[in-house]
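> A predicted structure for the sequence below; I have some questions about it.
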Amino acid sequence: MKFFEKIANIDSRIIYLLLFIVVLIPVMFKMVLPVRVSEPVQAAYDSIEKLPEGSVILFSVDYDASSAPEIQPMLLATLRHAFSRKHKVVLLGQWALGLPFGEIGLNEIAPQFAARYGVDYVNLGYRPGYRAQMVGMGREIRDFFATDYKGTPVDEIPLMKGIHNYNDIDLLVGLEAGQAGDEWIQFAGARYGINIIVGATGVIAPDMFHYLQAKQIKGLVGGLQGAAEYETLVKHAGTGIAGMVAQSYAHLLLLGFILIGNVGYFVIRRRKQA
Amino acid sequence: MMQIIGTWIAAGLTLAIFSFLYKDNPFYKFAEHLYVGVSAAYAILYVFYFDVKPLLIEKFITEQGAERWIILIPAVFGLIMLSRWIPKISWLSRWSIALTVGIAAGLGITGQIQGILLPQIQGTLVPLTSVNNVIMVIGVIATLVYFYFSIAHQGLVKHGARLGMVFIMVAFGASFGYTVMARISLLIGRLHFLVYEWLHLVK
């Protein structure tokens, strides 16, 4: 009995410390677990894989530093996949604070595939507008992105010469930490019929499953787990795979706490009733 | 050199944020305020250089004829939004708010119907040929029954509502699980940074 009462009143800092240790050890010792690829991630992968060479993929960077540990590995893995299939990449973002992460991703992956700026990929940067922008881009991208993020007029960029609206884009990869994913699906997907795959934080991912079920999106990469699965598919381990052992042990620890907490609750309640 | 300094600053601020787990303290407060301040300043710069400058200032200079003056209309609406800071003329901001709300509502209604309601109804109208489809259809109906408050939850409706509640709880459980995963992922990301990029404990 005393055990459960002690557990019920445990200092939360002890839980934090245990969690810290459980996460730190696998990270330090580079422990790796086999990753099973789920259907939604496989579907996302297949969407890029099946595109004919030279297809245009629009990447929307809709996250910032607070969700980068989850989504940045997705960006790197999907960019790696896109460049390896020789697709053209057009990157933009709905979150001003997220664009540097897009630029970091392009600068890291593009040189590995000898992709040239302006020919194989372009960074259009950030423009405010959100819904209005998403709808307007269905008519003409230049109405919102007259220049790229460096200030070069879009018409002077070879890659953008034939790209005017969603008809010229084969796939949208939405990397989402908030509402922008729903907006892309509602305003670009439903209205203009553009194919969409979504990479979302763990918090957002459950809200995306109904879009997946209704075939409004072609694939879903959810949370760090999804990133690890995508890294497995592109055969390049990144921080997604590296984090999976820590993730699993942390979940086991939390499950243990939840179980002990619930058992303790019922034991203490029965004791009070007796 | 700059990268090393940047890494040390990032590591210091990460530890300052983590220190809140022990208890609230000035290091945490400093890091928190710094983050908010830097984010706001960064966003202002981004909006200026990617929006105000190219779409307003430069366009006003380069455009000719009516196009040039049309640009001023949204600019004026933007400026009067700031009138909220001056109580005497704060009523002006209502024009901008009305415009924004009107656009958002107009687009939102279209988006909700065209982008969610109809495709989701279509996605639910599936043949009951697999266990998944049966569960999904029952789940949708039961959940709708739970939220149907126009009649008393008695008899069959009561059972349907209870089943709906079970489905809702399962959905909440899935969301909670994903949320836990998300938070742990953030911790992993930070520890990865501290171990690999700051301390270089692992190559």
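Nice, thanks for sending it over.

> Show which residues not belonging to stretch B:144-159 make contact with it.
Counting contacts by C-beta atoms under 8 Å, 6 or more residues apart in numbering or on different chains, the residues outside stretch B:144-159 that touch it are B:160-165, B:168. For every residue, glycine as well, the C-beta is placed using N, CA and C.

> Next, find the distance separating A:L254 from A:D11.
Relative to A:D11, A:L254 is positioned 17 Å away (criterion: C-beta to C-beta, to the nearest Å).

> Now do the SS call for A:V90.
Secondary structure state of A:V90, per DSSP: H, G, I helix; E, B strand; the rest coil, is strand.

> So it is in contact with A:V122, correct?
Yes: counting by C-beta atoms under 8 Å, A:V90 does reach A:V122; the two are 5.5 Å apart.

> Give me the common contacts of those two.
Contacts common to A:V90 and A:V122, judged by C-beta under 8 Å, 6+ apart, are A:159-160.

> need the strands for the stretch 51-200 of chain A, in chain order.
Secondary structure of the stretch 51-200 of chain A (DSSP state E, counting those that start in this stretch): strands located at A:56-62, A:88-93, A:121-126, A:171-176, A:196-200.

> Next: chain B.
For chain B, no strands turn up when DSSP state E is the criterion.

> Which stretches in it count as helices?
When assigned using DSSP state H, the helices of chain B occupy the ranges B:2-18, B:26-47, B:58-62, B:66-70, B:72-81, B:93-110, B:118-124, B:131-146, B:156-192.

> Between helix B:2-18 and the last one, find me the angle.
Put plainly, it is helix B:156-192. Following axes from the mean of the first three to the mean of the last three C-alpha atoms, to 10 degrees, one obtains 140 degrees for the angle between helix B:156-192 and helix B:2-18.

> Please state the offset of helix B:156-192 from the chain centre?
From the chain centre to the centre of helix B:156-192 is a distance of 18 Å (C-alpha atoms, centre = their mean, to the nearest Å).

> now that helix against strand A:196-200, angle please.
Between helix B:156-192 and strand A:196-200, the angle formed by their directions is 70 degrees, by the same axes, to 10 degrees.

> Count the neighbours of A:Q216 for me.
21 (other C-beta atoms under 10 Å in any protein chain shown).

> contacting residues around the residue in the stretch 1-150 of chain A that chain B sits nearest to?
Each residue of the stretch 1-150 of chain A has a distance to chain B, by C-beta to the nearest C-beta, and the smallest belongs to A:P69, at 2.3 Å. Applying C-beta under 8 Å, 6+ apart, one finds that A:P69 lies in contact with A:224, A:239, B:185-186, B:188-190, B:192.

> I'd assumed A:Y166 was in contact with A:M137.
Yes: between A:M137 and A:Y166 a contact is recorded at 6.8 Å, counting by C-beta under 8 Å.

> overlap in contacts of the two?
Joint contacts of A:M137 and A:Y166 (C-beta under 8 Å, 6+ apart) are A:A188.

> ok, stretch B:172-187 near chain A or not?
Yes: counting by C-beta under 8 Å from any C-beta of the partner chain, chain A is contacted by stretch B:172-187 at B:174-175, B:178-187.

> More neighbours: A:M137 and A:Y166, which one.
A count of neighbours by other C-beta under 10 Å puts A:M137 above the other of A:M137 and A:Y166, at 25 against 21.

> quick one, phi/psi of the more buried one?
Main-chain dihedrals, A:M137, degrees, to the nearest 10: phi -70, psi -20.

> Quick one, which of the contacts of stretch B:144-159 are buried?
Applying a neighbour-count criterion of 16 or more other C-beta atoms under 10 Å in any protein chain shown, the buried members of the contacts of stretch B:144-159 are B:160-161, B:163-164.

> and those residues, which two are the farthest apart?
Set against one another by C-beta to C-beta, the buried ones among the contacts of stretch B:144-159 have their most distant pair in B:A161 and B:L163, with a gap of 7.3 Å.
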